[in-house]
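Trainee: Sequence and predicted structure, then a few things I'm wondering about:
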Amino acid sequence: MSESRTPAQIEADIVRRREQLAVTLDEIGIRMHPKTIIGDAKAKVASTVDQTAGRAFVAVNRTVSDVKARFTHEDGAPRLERLVPVALVAVAVIGLIAASSRKGRR
């Protein structure tokens, strides 16, 4: 049971397939064009940078919130029992750095 087609039908089918092939070749040409490849690469890099920056922001924000929670009460008042020792250590470190830099100048 083969279907018999007229020459006009065969020609119409050939024309349709040529048009489809031309569209496909145009799409391939656009995809393979250097500007398209560069644009796709730039978009991918920008997306990766945005995701990385977003993750970094979330991590920093979480760390800042954790540190703030350790040094303040729930009402926002500072916890002096934690702040004073940290401040003393910071002053001592700065003093040691200053003292060692003075010795290095002499």
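Mentor: It's in.
Trainee: For this structure, which segments count as helices?
Mentor: Ranges of helices in the chain, per DSSP state H, are 7-32, 34-71, 80-105.
Trainee: rank the ones you listed by pLDDT, which is bottom?
Mentor: Mean pLDDT is lowest for helix 80-105 among the helices of the chain, at a mean of 89.
Trainee: Extract the CA atoms of stretch 20-35 and return them as CSV.
Mentor: This file holds the C-alpha atoms of stretch 20-35, laid out as CSV (Å, rounded to 0.1, in the frame of the first residue of the first chain):
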residue,chain,number,x,y,z
GLN,A,20,13.1,24.1,6.8
LEU,A,21,16.7,23.3,6.1
ALA,A,22,17.5,27.0,5.3
VAL,A,23,15.9,28.0,8.6
THR,A,24,18.0,25.3,10.5
LEU,A,25,21.2,26.4,8.7
ASP,A,26,20.5,30.1,9.6
GLU,A,27,20.0,29.1,13.3
ILE,A,28,23.2,27.1,13.3
GLY,A,29,25.0,30.1,11.7
ILE,A,30,23.7,32.4,14.4
ARG,A,31,24.6,30.0,17.2
MET,A,32,28.1,29.5,15.8
HIS,A,33,28.8,33.2,15.1
PRO,A,34,31.7,34.5,17.3
LYS,A,35,29.7,37.3,18.7
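Trainee: Export the helices of the chain as JSON lines, with columns for mean neighbour count.
Mentor: Heads up, the C-betas are built off the backbone N, CA and C, glycines and all. Shown next, in JSON lines, are these (neighbours: other Cβ atoms under 10 Å):
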{"stretch": "helix 7-32", "mean neighbour count": "10"}
{"stretch": "helix 34-71", "mean neighbour count": "10"}
{"stretch": "helix 80-105", "mean neighbour count": "10"}
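Trainee: So what pairs up with T72 in the strands?
Mentor: For T72, the beta-bridge partners are P78 (DSSP bridges).
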